[in-house]
Each structure stands twice: as structure tokens, then as C-alpha cells.
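**Q** after the sequence you'll find the predicted model.
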Amino acid sequence: MTLEDESDVAVSEAQIAVHWREEELYFPPAAFVGQANASDPAIFERFKEENFPECYREYADLLTWDQYWHTTLDTSNAPFWKWFVGGKLNVSYNCVDRHLATQRNKAALIWVPEPEEEQTQAITYQELYRRVNEFAALLRDFGGVQTGDRVTFHLPMVPELPVSMLACARLGVIHSQVFGGFSGSACGGRIADSQSRILVTMDGYYRNGELIDHKAKADEAVARAREEGVEVERVLVWRRHPGQYASESPMVEGRDFFVDELLAEYRDQIVEPVSMPAEAPLFLMYTSGTTGKPKGAQHSTGGYLAYVAGTSKYYQDIHPDDTYWCFADIGWITGHSYIVYGPLALGTTSVMYEGVPTYPDPGRPWRIAERLGVNIFHTAPTTIRMLRKVGPDEPNKYNYHFKHMTTVGEPIEPEVWRWYRDVVGKGEAVIVDTWWQTENGGFLGSTLPALQPMKPGSCGPGVLGVFPVIYDEHGEEVSAGSGRAGNICIRNPWPGIFQTIWGQPERFLDIYYRKYCRDEKSTDWHDWPYFAGDGAMQAADGYFRILGRVDDVINVAGHRLGTKELESAALTVDKVAEAAAVPVMDDLRGRAVEMYVSLKPGYEAGTDIEHEVALAIENEIGKIARPKNVWVVPDMPKTRSGKIMRRVTAGISNFTDVGDVTTLANPEIVEKIRIQVHAAKMASGQLPRELTAAELEEIKGFGHAD
Ligand code: WT7
């Protein structure tokens, strides 16, 4: 496509269906069906709408309750739903202690270090029990934490992370794990928001062959939290190699302590699990949204654990003797729900890997699967795309067999799905495409693997007990098979739903419930559809195809980045006057970030400023947010009221039509920016590719909130 023959195609929602070929259905292999946890269609009866909310007793009964609950769902303070009210339980007891009687010597976790010459560590339920108790005793007696306090973790993919999570859960302390790849500053902002007095971190970890200095980030985090008025009293530092310190950053006297040294004091200590009300918060998980700072999604104890246990059993098809590997980072909700809490509640063996998929070569994941006998594999499209690109035939070289595979986090292209099935799964595995969000605790849309066929590119219908609907902007239902897209919502509450945004109940109402609420005084859940913030279409067979975010969030490799956060980071560079972040299609990561900045008077464009902006974003958020390009432009395209038109810059970045710009305050700038950006892209080999109808729609609608 050259710049000249780019035609003015405006694709309407109705046209999308015409562009989309309906994919054919794939049926699960008989061997899978024969052993599946859910293979009797009677389960659909039990979870049909008439049986809501009582159907979820089945999930709650997977847990051990200290005190059984009396009310399944309390809607009296809608939409702050309360599940399993009156019940009491402890999450650490459910994930560890209760398995000791029958399987103390089974591996709870198998940890695979990145350096291949380092041995894997199998941590039995017995050992996990000891480690969790000892660290819980340390947190309580040395850290001085009490039930209800918050503790922030900034940990990489090491077994100390689930140990720390379960230790907090044992004490009824709320943990908040910040993805290890995020910057110290991003961690500090989350410490301040949650008002944590303790930070748990690690000296270093391996990534792509390098032992990364991680403790340095703790110093930045403490400084940033202090700027925001919160003083971190103790920094507890696990060491990647106990006894040897891998960081250049000095230990601060009286503040920083090595956990391996302190633990000697707590050998053999047992901490009674604190019996927590079902609706007590278990953890916070920060995520990005349309406006302002990241928000802390607050997850519950009983509802959350019941939901992740139930979905792990039926959708992940986890049996106690499976070897289950979810190749995600525990720093994201996927890891909390489907590496730690769901699998351990079911007493299975959960594999954790420290490093990157392609280290030291793209055969690594398949060697791990072969060595450990992994039979359930779970990962994201971005990882699948990368492995397909760099090692398309690698899986054939290894002798492993998956019965089940999952994809999560972004839409998966049907060709990539087929490679996943045919090559990674060797045609033997069933696949579930699971659609959900940080706020949801567990899956919302997927197929029950033995009972519902797969359709590449579609997640499937709502999961058991979850009833999605698509609404248009006016709240009218968009019917299945209409070929029209709209906003996917969930009509009913479910046990895994987050309880609120930490400290910001109004924002919770505004973002997720106000849009389609029928009556704000109502205590009937039917009046409170949950607005997910995703565009979707429903085929005639009831399967949903998720199109992506409808808010100003850019999904990079399955991670949500808010445009506001990216722009505020760019604006920390003194010379920058204005900034606009837009998504650009990326063959591996799904989307990448491009930044447009204009400068304050007196400054000249140049590569130094581009670097400064990229570095500022890395420092404020993390490497994951590093922009693909920074464009220093003479001015931003703006409306007459002065708002930056992100859809115009997004169109330029993606070589698509920018639409009608005649009503802008400065229409002439559009052509200037277009020539500048396109010339630079062509010169550096970033050539345009044709966009799918859904991608076009996303770009055309980007920044519609402006
Ligand atoms: C957003 C949520 C849920 C854990 C990982 C991401 C997109 C998620 C799918 C899927 C298409 C998906 C949505 C959603 N998304 N799963 N299977 N197919 N899109 O959690 O960071 O909160 O992101 O990821 O846009 O809203 P998250």
C-alpha cells in the first residue's frame, strides 16, 4: 500500500461481520473428554440463570470453611456485592494445610530457574507449609503487621513470591504484588496508594541470561512513596542466592533486612491461620484505566477463592495429579488466580518459570514441559506469537504431551491459534480461550473444554453462572448474530468480582456500573450490569469475539497501559509541552505504544528528546511501556476546544485514514505530521500492513473519550 492509494474506507460496525469469515468449530479429542472434570451436560442445568446465585454453592463447597456461610449473595449495598456472607475461612489453610494429610510429599510448586544449569526446585506441600509459616511469623513478629494491614511486594518469578502471598493470607494481611518489571517509581506509587509500611523485594533475578539488580528499585520505591506521604519502615530483601548479595544498592541500616538471615529466628514456628470473614479483602492488584493513576482492584477472600478453585477445576480441568504450567507472571492477575490460588486450592502441582520464553533458545519451554511431564499449559498470545516466529518447529523436537492448553490476555489471531493447536498441542490438546480482566478474579468468557467446541479467535459463551450481554451506547441490547458490535457487559454478579477500587468507591461506581445502571437506588442485581470496557460481537451460536478495549487503554503483550499514565510520564520531561500516546499494531506484542510530543517554546526537536521521553516512560512505568517510536511534532492535532485528537495520531501511526479533520482547530498540521511520521517509518523499514476490520475500528475509535 502506498500513501497515494490509501482509500477513504470508513468501516461501520455493521460491515465488520461481512469482513469476518466465521471460523470452523473444533471438537475436543475423545481422550480428553473421557477424563474431564466436567463431561456431563447436566452442569449447564445446574448453572442456568434460574439457579443463580445458589449455583455457586458448588464452587464454595470446593473449599474448607471454618464457619459455613448463610447467605449466598447479599445485594443490599448494590453494586458492592457480598458473597458467602457469614462464612469464615483462611486461604493459606485451604491452599496448603488441608492437603498435608493426604499429599504432604507431593510437589506443590516446581520452580524452574532461568539458567538451565541451575537445578529445578520441587517444593512439597510439607515444605511449603513450613516456609509459609516461618515467613508469616517473621511478618507478624518482626514486621509488626496485623490483620487488615497492607504489605507491598515487588518480587520476580521466584517461589518466595507465593510463599509471601500465602504468609500474608495466613495472617489476614492484604498483599499487593507489583509486577517485578515495573519501575521503582511505579512500585512507590502503589505503596503510597495502599499505605503499606512494609516492602518485600529481592536482590536480583535472572532475565535473558543476566542477573538483574532489582534491589535498586526498592530505594526508588521508598523515595517515591515518601514524596506521596507514606513512609516505608521496613524493606525485607529475599536473596536469589541466600547468603550472597547480588545488588549494588547498599542496605539501609535499620530499614533493609535480609530475609534469609532473619528467618533463622523463626525456624519451626507455626502461625495459626486467622479465620477471616468471606468478604474480607485478600489482595490488591493495581491496573490501568481511562483516567488518572492505576487503581487497586480489591479482591475478596471467600468469593475469590471459590471462584478460582471452581474455574480451575472445570475450565483448566485440573486434577490433583496433573502437572500444570501457567506460563505467566504472578505479578499479574493471571498468576495470582491460575498459578497460585486456584491450582493450590485444588492440591495440584503448579510449575513456575523464572525467565523469558526464548532463553537460551526457543526450545526452552518445550524442554521444561518434557522434563517435568507438564500436561496442562497456559499462556498468552504474545508468547505464542514469539515462539512461533523464532522456533516454529521446536515443539516437534520434544517428547511432551498436553491434554489441555489455555490462551489469555488478548485476542488471538486464528492462524496463531491453529499453530498453537497443531504444533504446540500436537493436535492432542483441547484449547480454551479465556476472556477476563484484573477486576474479575477469574474467567468470564470461555468454553467448557469437554462440552463446548472451540472456535479460533472467539472466547466462547459466558462461563458457568456468568451471563454476558452486548449493549449499544443507548443501553439497547445488540442481539446475537446481528453482526453488530457493542459494549460487552455482564448482567449478574459472580463470586470472583472485585469488591471496589481500593479507597475509591465512587470511581468504582463510575467506571464499572454507572453507564448501564437502571436505577441507582435498586438493590436488585438485575439493575446493575457490569461494564467491562471491551468491544465485542456475539455470533448466532452465542460465542463472543472480543475486539479490544473501548477506553483509552493500550494492551501491550497482554498488559494494560493507560494513555494518561504514559502521557504523564512523558510530561515529566521538562521540555515537553504536550503528549499523546497511541497504539500501533505490532506483530508480536499485539499493540505497541507510540508517543507524540510537542515541545515548549525555545526547544528544538532531536533524538536526545526522543530518548529522554522514552527513558522517562521506562522510569515512571517500566520497560514494558517503552515506546516503539517517539515523534516530536510541531503541534498536536486539536479540536477547537483544545483537546488533543488521539484518533488522528493513531491513524497516522497505523497508516490508516484519519477521517474528517476539517473541523479541527489546526487541520493543516495533520498532513505535516503524516509526512514526517510516514517518511521516518518507511526509512526505518516499519512498513504498513493491511489492518483487519476490527483493528481499523479500534484505531478509528481510539481516544473517543476525548
Ligand atoms: C483486558 C484485560 C485477564 C488476565 C490478563 C489480562 C483483554 C483478556 C482476552 C481474551 C481477547 C482479552 C481485554 C480485557 N483480554 N483476555 N481471551 N481475548 N481479549 O488482564 O490486564 O486486566 O486486561 O485484556 O481487552 O479487557 P488485564
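**A** Good, I have the coordinates. Everything quoted here is computed from the prediction, not taken from an experiment. Numbering: from 1, shown residues only.

**Q** C-alpha only now, for contacts and for neighbours.
**A** Noted.

**Q** pLDDT weak spots in the stretch 301-450 of the chain?
**A** Judged against pLDDT under 70, the stretch 301-450 of the chain has no low-scoring part.

**Q** going by residue numbers, what spans are helices in it?
**A** Counting by DSSP state H, counting those that start in this stretch, one finds helices in the stretch 301-450 of the chain at the ranges 302-314, 333-335, 342-345, 364-372, 381-390, 414-419.

**Q** between those helices, which gets nearest to the ligand?
**A** Closest approach to the ligand among the helices of the stretch 301-450 of the chain (CA to the nearest ligand atom): helix 333-335, 4.9 Å.

**Q** which residue ranges of the stretch 151-300 of the chain form strands?
**A** Here the stretch 151-300 of the chain has its strands, by DSSP state E, counting those that start in this stretch, at 174-177, 198-202, 204-207, 210-213, 234-238, 256-258, 276-277, 281-287, 295-300.

**Q** contacting residues around the nearest residue to H401 once chain neighbours are set aside?
**A** Of all residues not flanking H401 in the chain, N375 sits nearest, at 6.0 Å (CA to CA, 6 or more residues apart in numbering). Contact partners of N375, counting by CA atoms under 8 Å, 6 or more residues apart in numbering, are 322-325, 369, 400-404.

**Q** top of those by number of neighbours, please.
**A** Compared across the contacts of N375, Y324 has the highest neighbour count, 32 neighbours, by other CA atoms under 10 Å.

**Q** surely it meets I376?
**A** Yes - between Y324 and I376 there is a contact under CA atoms under 8 Å: 4.7 Å.

**Q** need the overlap of contacts for these two.
**A** I318.

**Q** quick one: pLDDT of the residue lying closest to K515 once chain neighbours are set aside?
**A** Among residues not flanking K515 along the chain, F531 sits closest, at 7.1 Å (CA to CA, 6+ apart). We have a pLDDT of 97 for F531.

**Q** wasn't F531 part of a helix?
**A** No - F531 is assigned strand when assessed by DSSP: H, G, I helix; E, B strand; the rest coil, not a helix.

**Q** a markdown table for the contacts of N375, including distance to the ligand?
**A** What follows is these, written out as a markdown table (distance: CA to the nearest ligand atom, whole Å):
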| residue | distance to the ligand |
| --- | --- |
| D322 | 22 |
| T323 | 21 |
| Y324 | 17 |
| W325 | 16 |
| A369 | 22 |
| Y400 | 25 |
| H401 | 23 |
| F402 | 20 |
| K403 | 19 |
| H404 | 16 |
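
**Q** number of nearby residues for L25?
**A** 11.

**Q** tell me the spacing between it and Q316.
**A** L25 sits 20 Å away from Q316, going by CA to CA, to the nearest Å.

**Q** then Y125?
**A** Y125 sits 21 Å away from Q316, going by CA to CA.

**Q** what number of residues lie near G703?
**A** By other CA under 10 Å, the residues close to G703 number 24.

**Q** now it: how far from the ligand?
**A** Distance, G703 to the ligand, by CA to the nearest ligand atom, to the nearest Å: 15 Å.

**Q** shouldn't that residue be in contact with I554?
**A** No - with contact defined as CA under 8 Å, G703 does not count as touching I554 (10.6 Å).

**Q** which SSE is I554 in?
**A** Per DSSP states H and E, I554 falls inside strand 553-556.

**Q** next one: T102
**A** Counting by DSSP H and E, the element that carries T102 is helix 100-103.

**Q** then V630?
**A** With secondary structure defined by DSSP H and E, V630 is part of strand 629-632.

**Q** give me the contact list for that strand.
**A** Against strand 629-632 from outside (CA under 8 Å, 6+ apart): 593-599, 605-606, 609-610, 613-614, 677.

**Q** now with 10 Å, please.
**A** 570, 576, 579-581, 584, 592-599, 604-607, 609-614, 653, 673, 676-677, 680-681 (CA atoms under 10 Å, 6 or more residues apart in numbering).

**Q** what pairs with that strand, and is each one parallel or antiparallel?
**A** Paired strands of strand 629-632, with direction, are strand 590-599 (parallel) (DSSP bridges).

**Q** quick one: mean pLDDT for the strand it pairs with?
**A** Regarding strand 590-599, the rounded mean pLDDT is 95.

**Q** helix or strand right after the helix or strand of the chain with the lowest mean pLDDT?
**A** Every helix and strand in the chain was compared by mean pLDDT, DSSP states H and E; the lowest is helix 13-19, with a mean of 42. Proceeding N to C from helix 13-19, the next assigned helix or strand is helix 30-35, under DSSP H and E.

**Q** pull that following helix out as CSV, backbone CA atoms only.
**A** Extracted in CSV, the C-alpha atoms of helix 30-35 (Å, rounded to 0.1, in the frame of the first residue of the first chain):
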residue,chain,number,x,y,z
ALA,A,30,-12.0,-38.2,22.9
ALA,A,31,-9.2,-38.9,25.3
PHE,A,32,-9.7,-35.5,26.9
VAL,A,33,-13.4,-35.9,27.2
GLY,A,34,-13.1,-39.3,28.8
GLN,A,35,-11.2,-37.9,31.8
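
**Q** buried residues in that helix?
**A** 32-33 (16 or more other CA atoms under 10 Å).

**Q** any idea of the mean pLDDT in that helix?
**A** Averaged across helix 30-35, the pLDDT comes to 97.

**Q** that one packs against which elements?
**A** Where contact means 3 or more CA pairs under 10 Å, 6 or more residues apart in numbering; DSSP states H and E, helix 30-35 is packed against strand 430-434.

**Q** next, work out how far apart the residue lying closest to W238 once chain neighbours are set aside and Y516 are.
**A** Distances taken as CA to CA, 6+ apart put M202 closest to W238, at 4.5 Å, once the chain neighbours are dropped. M202 sits 44 Å away from Y516, going by CA to CA.
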